[in-house]
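Visitor: pasting the structure only:
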């Protein structure tokens with residue numbers, strides 16, 4: 001890995017070592033009607049009244065992306081780093097353009113990394129119900145929210161347990177399918 005690649009990976013990993021709640025509340029402060037973004041836009045006279053950014057689907061998406069991005073980049077970077085440049089160069093030499101080289105050469109070679117990123121992202125994504133509760137105001141439900149509500153609010157433990165087992169079965173099914181197309185060791189080699 002080059003020096004710049006190591007530095008970018010280090011900078012990407014810094015948020016992982018900070019508290020999730022601290023990062024989450026920093027987003028709340030930024031998206032609030034009197035927050036950083038609205039204040040800056042109003043001082044620049046781009047908007048005349050504060051925008052409603054908190055408790056929206058967009059803010060939830062930004063919160064999930066900032067929380068889950070490092071988990072996606074690590075397997076993708078590992079897969080991209082293993083690309084054989086000679087194969088890509090051969091594709092260009094044989095007349096393939098950039099798009100065709102990407103679709104026919106690069107995408108198939110990095111497909112196990114893409115699937116690994118999906119699997120690795122899925123597990124923490126289902127447990128991040130606190131992001132939708134804090135940034136979304138509890139208006140958007142993900143499977144983690146539904147399972148949590150079944151256990152804590154509805155006191156319907158059988159349904160919560162059944163949903164949890166369904167999620168575990170789905171994860172195991174994804175791991176089985178990944179083992180058919182990729183190497184399970186790549187999931188842990190980040």
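Guide: Looks like it came in fine. What you see is a predicted model, and the numbers here were worked out from it, not measured in a lab. Residues are numbered from 1 along each chain as shown.
Visitor: list the contacts for residue 16?
Guide: residue 70 (C-beta atoms under 8 Å, 6 or more residues apart in numbering). All C-beta atoms are positioned from the backbone trio N, CA, C, and that covers glycine.
Visitor: ok, 10 Å please
Guide: Listed by C-beta atoms under 10 Å, 6 or more residues apart in numbering, the contact set of residue 16 reads 23, 67, 69-71, 74.
Visitor: Show only the entries of these found in strands.
Guide: Using DSSP state E, no member of these falls in strands.
Visitor: Quick check, pLDDT for the most centrally placed residue in the chain.
Guide: The centre of the chain sits closest to residue 68, judged by C-alpha atoms, centre = their mean, with a distance of 3.3 Å. Confidence at residue 68, expressed as pLDDT, is 88.
Visitor: Not counting its neighbours along the chain, what's nearest it?
Guide: residue 121 (5.4 Å; C-beta to C-beta, 6 or more residues apart in numbering).
Visitor: ok, that neighbour touching residue 127?
Guide: No: counting by C-beta atoms under 10 Å, residue 121 stays clear of residue 127, with 11.4 Å between them.
Visitor: from what I can see the residue nearest to the centre of the chain touches residue 124, true?
Guide: Yes: the pair residue 68 / residue 124 is scored as a contact, 6.3 Å apart, by C-beta under 10 Å.
Visitor: re earlier: buried among the contacts of residue 16? Need that as a selection in ChimeraX.
Guide: To isolate the buried ones among the contacts of residue 16 in ChimeraX, judged by 16 or more other C-beta atoms under 10 Å, type:
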select :67,70,71,74
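Visitor: got a markdown table for the contacts of residue 16, with distance to residue 47 too?
Guide: Output for those, formatted as a markdown table (distance: C-beta to C-beta, whole Å):
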| residue | distance to residue 47 |
| --- | --- |
| 23 | 26 |
| 67 | 27 |
| 69 | 28 |
| 70 | 32 |
| 71 | 34 |
| 74 | 37 |
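Visitor: about what we covered before: wait, what's in contact with the residue nearest to the centre of the chain?
Guide: Residues in contact with residue 68 (C-beta under 10 Å, 6+ apart) are 117, 120-122, 124-125, 128, 131.
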